[in-house]
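Asker: how would this look folded up:
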Amino acid sequence: MQSSSDLSGNCPNNILDNLDCTDLLHSLDGGVLLLDAQCRIIFCNRWFCSHTGFTESRMLGQTLNQLFPGQLPPALQDAIETACHQRLGRLLSYQLHKRLLPLQRRTPGGESRPLHQSILIQPLSRSELTLVQCLDITNAVKREQHLRAGERILKLERKVLELIATGDSLDSVLDEICSTVEQLIPHAATAVMLLDESGSQLRIKSSPSLPGFNLREDSLALNGSLTTCTRAFQTRTLAVTHDIRQDESWQPWRDTATRLQIAACWAQPIVAAYDEVVGVFACYPQHTGSPSESERQLLQRMAHLASIALERHRRMERIRFLALHDPLTGLPNRSLLNEHLGRNLRRAHREGQQFALMFIDLDGFKLINDRHGHDAGDDLLSVLAGRMTDQLRGTDTCARIGGDEFVVMLETVQSPESATQVADKILQCLSTPVQRGPLSLQVSASIGIALYPQDGTSADALLTLADDAMYQAKARGKNCWHRIS
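Answerer: Below is the predicted model:
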């Protein structure tokens, strides 16, 4: 076997004629070029042809500058000229030179991706030829990038989990998740779409890098045409649109996508507790194509974080609801009533308006419990609570503050008569029998009314006066309202 020095000495005369040597160079898993003193290529192996797209005849006799006009970095040009003219070698590593030759490699899916490389430029001894060796280090770079990306993901995941743990708003957490992916997938925007209350549409909840995205108004109907996001929602797996220009389902948003430089869409379903799909995490890269394996894993992890944030938000909302609402009827409890009452007092004082407070106690409710049991009483309370709410405006409040005691706050009234008219409607709806199977359950109510500011200017004063008026209504025969004037 020849030594490297022997090979170097024989190459000037024999390398192009020695079939064994050229076959060996062609079989190398790396690029080999031989340049003459004028930096022209006199030999290239098949690897270079494969990764440049040029034929051998196209490359021979050309300089790299002629093959890639305006694309070579100054460091590479200088190294080649120095080696060919001054016979000084140089190693250009990827760590210091991220951009060298504009080479491409094919992915298993047939897509073209940049090839990461290190280049050794070495003048051959006893010859005017210069050897250029190009080593494909794409896999090594990817492994390093994956490790670094993994560290960044873990760091960003911890940040998101800290936001969740410290009780930041759902919007803040979802915005942070979107920003995390946009940091790790360059030139891509993201959005979180959640199922609306009707359960029939996906609406954007977070899209920090997509201002004015049309989906914010139009939403995506789950029973309409299958878009990337609705497909992900329904199939419960990652859905990919490689090129939205070729996807007819993107026709309504194509102009918007062009304006926002969106070229593709990758959608990952958000699966919450009990295997419930509650939304979609969407990524919109500016280049066509499908996500790499690491990008797929990133989308899965971020969608999982989004599900954790949503689940915690749901539970916190449920805890807040139970803390401020009656669990049987769903009406505000005394705490929430006091909050609404305090806010309305300040508003009425500021705007110079009046409002009404009604203290309501059911007549005969204890008898229902004694005769038919507490389940019947609970069912009756739930129905009557709904009836009272139906008599009120959306800005009014109906609260349950005791077993069969309720308080109604009419946010504004034009006159005392406005309050008494509502009281009459409440009396009528409460005295209407409630059918429970074969049973007909019927009660009546006694109502005490107090007006702000005529009857009091504080919450305690109004509640006390309304309570006193309610007892006087009972003393007058029940099933009526009374106001202490």
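
Asker: all contacts plus neighbour counts: C-alpha atoms, from now on.
Answerer: Fine.

Asker: give me the domain ranges for the chain.
Answerer: Domain assignment for the chain by automatic domain parsing gives 4-136, 142-322, 334-483.

Asker: mean neighbour count, mean pLDDT and distance to Leu328 added to these, as a markdown table?
Answerer: Shown next, in a markdown table, are these (neighbours: other C-alpha atoms under 10 Å; pLDDT from 0 to 100; distance: least, C-alpha to C-alpha, whole Å):
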| stretch | mean neighbour count | mean pLDDT | distance to Leu328 |
| --- | --- | --- | --- |
| domain 4-136 | 17 | 86 | 58 |
| domain 142-322 | 18 | 86 | 10 |
| domain 334-483 | 18 | 95 | 7 |
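
Asker: end to end, how far does stretch 430-441 reach?
Answerer: Using C-alpha to C-alpha, to the nearest Å, one end of stretch 430-441 lies 11 Å from the other.

Asker: residues contacting that stretch, please?
Answerer: Residues from elsewhere that reach stretch 430-441 (C-alpha atoms under 8 Å, 6 or more residues apart in numbering): Ile368, Ala376, Leu380, Val383, Leu384, Arg387, Met388, Gln442, Val443, Ser444, Ala445, Asn479.

Asker: likewise for stretch 32-41?
Answerer: Residues from elsewhere that reach stretch 32-41 (C-alpha under 8 Å, 6+ apart): 25, 42-45, 47-48, 59-64, 80-81, 84-85, 128-134.

Asker: check whether Ile426 really touches Asp390, as I assumed.
Answerer: No. Contact criterion C-alpha atoms under 8 Å: Ile426 and Asp390 do not qualify, at 9.3 Å.

Asker: so what pairs up with Ile447 in the strands?
Answerer: Beta-bridge partners for Ile447, by DSSP bridges, are Ile360, Trp481.

Asker: what's near enough to touch it?
Answerer: Met358, Phe359, Ile360, Asp361, Ala423, Ala469, Met470, Ala473, Asn479, Cys480, Trp481, His482.

Asker: for the last one, list the residues it contacts.
Answerer: What it means is His482. Counting by C-alpha under 8 Å, 6+ apart, His482 touches Ile447, Gly448, Ile449, Ala469, Met470, Gln472, Ala473.

Asker: how far away is it from Ala469?
Answerer: For His482, the distance to Ala469 equals 6 Å [C-alpha to C-alpha].

Asker: find the residues that touch each one of these two.
Answerer: Counting by C-alpha under 8 Å, 6+ apart, the residues touching both His482 and Ala469 are Ile447, Gly448, Ile449.

Asker: before we move on, back to that, next step: the contacts of stretch 430-441 restricted to strands.
Answerer: Judged by DSSP state E, strands contain the following of those: Ser444, Ala445.

Asker: and the contacts of stretch 430-441, which is closest to Val277?
Answerer: Nearest to Val277 among these is Val383, at 32.7 Å by C-alpha to C-alpha.

Asker: wait, doesn't Leu129 sit right on Ala83?
Answerer: No. Between Leu129 and Ala83 there is no contact under C-alpha under 8 Å: 9.3 Å.

Asker: give me the common contacts of those two.
Answerer: Counting by C-alpha under 8 Å, 6+ apart, the residues touching both Leu129 and Ala83 are Pro123.

Asker: still on that earlier bit, how about JSON lines for the contacts of Ile447, with distance to Ser200 added?
Answerer: Converted to JSON lines, the contacts of Ile447 look like this (distance: C-alpha to C-alpha, whole Å):
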{"residue": "Met358", "distance to Ser200": "39"}
{"residue": "Phe359", "distance to Ser200": "40"}
{"residue": "Ile360", "distance to Ser200": "39"}
{"residue": "Asp361", "distance to Ser200": "41"}
{"residue": "Ala423", "distance to Ser200": "39"}
{"residue": "Ala469", "distance to Ser200": "48"}
{"residue": "Met470", "distance to Ser200": "46"}
{"residue": "Ala473", "distance to Ser200": "49"}
{"residue": "Asn479", "distance to Ser200": "45"}
{"residue": "Cys480", "distance to Ser200": "45"}
{"residue": "Trp481", "distance to Ser200": "45"}
{"residue": "His482", "distance to Ser200": "47"}
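
Asker: which two of the residues you listed have the greatest separation?
Answerer: Farthest-apart pair in those is Met358 and Asn479; separation 13.9 Å (C-alpha to C-alpha).

Asker: which strand or helix spans Ala450?
Answerer: Ala450 belongs to strand 444-452 when elements are defined using DSSP states H and E.

Asker: so which of the contacts of stretch 32-41 are in helices?
Answerer: Applying DSSP state H to the contacts of stretch 32-41, the entries found in helices are Leu25, Trp47, Phe48, Met59, Leu64, Ile80, Glu81, Cys84, His85.

Asker: hmm, back to that, of the contacts of Ile447, closest to Ala75?
Answerer: Nearest to Ala75 among the contacts of Ile447 is Met358, at 84.6 Å by C-alpha to C-alpha.

Asker: correct me, but the closest one touches Ile449?
Answerer: Yes. Met358 is in contact with Ile449 according to C-alpha under 8 Å; the separation is 4.6 Å.

Asker: rewinding a little: just curious, which of the shared contacts of His482 and Ala469 is nearest to Tyr94?
Answerer: Nearest to Tyr94 among these, counting by C-alpha to C-alpha, is Ile449 at 82.2 Å.

Asker: dump the residue contacts of that closest one.
Answerer: Contacts of Ile449 (C-alpha under 8 Å, 6+ apart): 356-359, 419, 465-466, 469-470, 481-484.

Asker: what's opposite the residue nearest to the spatial centre of the chain in the beta bridge?
Answerer: What sits nearest the mean C-alpha location of the chain, by C-alpha atoms, centre = their mean, is Val192, with 2.7 Å. Beta bridges link Val192 to Ser206, Phe281, judged by DSSP bridges.

Asker: show me what contacts it?
Answerer: Leu174, Cys178, Ile204, Lys205, Ser206, Ser207, Gly279, Val280, Phe281, Ala282.

Asker: could you export these as TSV, including distance to Arg152?
Answerer: Shown next, in TSV, are the contacts of Val192 (distance: C-alpha to C-alpha, whole Å):
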residue	distance to Arg152
Leu174	18
Cys178	14
Ile204	26
Lys205	25
Ser206	22
Ser207	21
Gly279	25
Val280	23
Phe281	19
Ala282	20
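
Asker: spatially, what comes nearest to Gly342 if we skip its sequence neighbours?
Answerer: Excluding the flanking residues, the one nearest Gly342 by C-alpha to C-alpha, 6 or more residues apart in numbering is Ala459, at 6.8 Å.

Asker: how much space between the one you found and Ile80?
Answerer: Ala459 sits 87 Å away from Ile80, going by C-alpha to C-alpha.

Asker: among the contacts of Ile449, which lie within strands?
Answerer: Reading strands off the contacts of Ile449 with DSSP E, I get Ala356, Leu357, Met358, Phe359, Trp481, His482, Arg483.

Asker: list just the nearest of those to Met302.
Answerer: Nearest to Met302 among the ones in strands among the contacts of Ile449 is Leu357, at 49.1 Å by C-alpha to C-alpha.

Asker: contact partners for that closest one?
Answerer: Applying C-alpha under 8 Å, 6+ apart, the residues contacting Leu357 are Val407, Val408, Met409, Leu410, Ile449, Ala450, Leu451, Leu462, Leu463, Ala466.

Asker: what's the answer for Asp378, then?
Answerer: Residues in contact with Asp378 (C-alpha under 8 Å, 6+ apart) are Leu328.
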